[in-house]
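Asks: After the sequence you'll find the predicted model.
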Amino acid sequence: MEAPMTMDTSDSLAILREAVRNELDGKAMYLQAADRTKDRLGQAMFRSFANEEEEHLHILQVQYAEVNESGDWVDLDAARNEPRDPTLVLFPQEEGEVKEIIPEGASDLEALQIAIDFEKRAVRMYEQAASDADNPTAEAFYRQLAEWEGTHYEILDNSYDYLANKGEWYFQELEMPMYEG
């Protein structure tokens, strides 16, 4: 009988690099969506998600550095609380490049659909990484990322349905249209 396949450090680093790229693309996508969305509350939601993707990016970069240096995983809270290090950049050549993910002229619904599809792929990626992890800290780390992206997915999906059917933006916490005031 074959021994179960274990994930070595190079596999972990490859998955973390893919996750970092995903978060970079997610941040770019949400900033583009905020710029292209007509409704200011929709813009605020997309900017909020871009900020969250930036936080995820920081956590992933800290984790990558730790796994790369020691082969060990740090728990999510420790990674989150690590001070930001501007030299901790995995893809410096891409810093100035911004991939167009939300096309110019995209409607609010089109921007939402692109974001929904993006988050659905992210959730699957992180769930698969958690399933493949042979380290409990790595598994918990990926499950938390999947949960965060799943929350984005749910809010985006609710917003899409509400905007498509009611013509207004949806605010998850209050379960009512988004209004300022």
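Replies: Arrived safely. Residues are numbered from 1 along each chain as shown.

Asks: Please report how far A111 lies from H58.
Replies: 25 Å (C-beta to C-beta, to the nearest Å). The way it works is simple: take the backbone N, C-alpha and C, and place the C-beta from them, glycine included.

Asks: Also A106?
Replies: 28 Å.

Asks: on that earlier part again, A111 and H58: who's more crowded?
Replies: Between A111 and H58, counted using other C-beta atoms under 10 Å, the more crowded position is A111 (26 against 18).

Asks: would you list every one of the helices in this protein?
Replies: Counting by DSSP state H, one finds helices in the chain at the ranges 9-36, 40-70, 76-81, 108-132, 136-166.

Asks: Which among these is found nearest to E100?
Replies: Of all the helices of the chain, helix 9-36 sits nearest to E100, with 6.9 Å by C-beta to C-beta.

Asks: In TSV: the helices of the chain, plus mean pLDDT and distance to I101.
Replies: Shown next, in TSV, are those (pLDDT from 0 to 100; distance: least, C-beta to C-beta, whole Å):
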stretch	mean pLDDT	distance to I101
helix 9-36	91	4
helix 40-70	92	12
helix 76-81	89	26
helix 108-132	95	6
helix 136-166	93	14
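
Asks: Tabulate these (JSON lines), appending distance to I102.
Replies: Below are these laid out as JSON lines (distance: least, C-beta to C-beta, whole Å):
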{"stretch": "helix 9-36", "distance to I102": "4"}
{"stretch": "helix 40-70", "distance to I102": "9"}
{"stretch": "helix 76-81", "distance to I102": "28"}
{"stretch": "helix 108-132", "distance to I102": "5"}
{"stretch": "helix 136-166", "distance to I102": "13"}
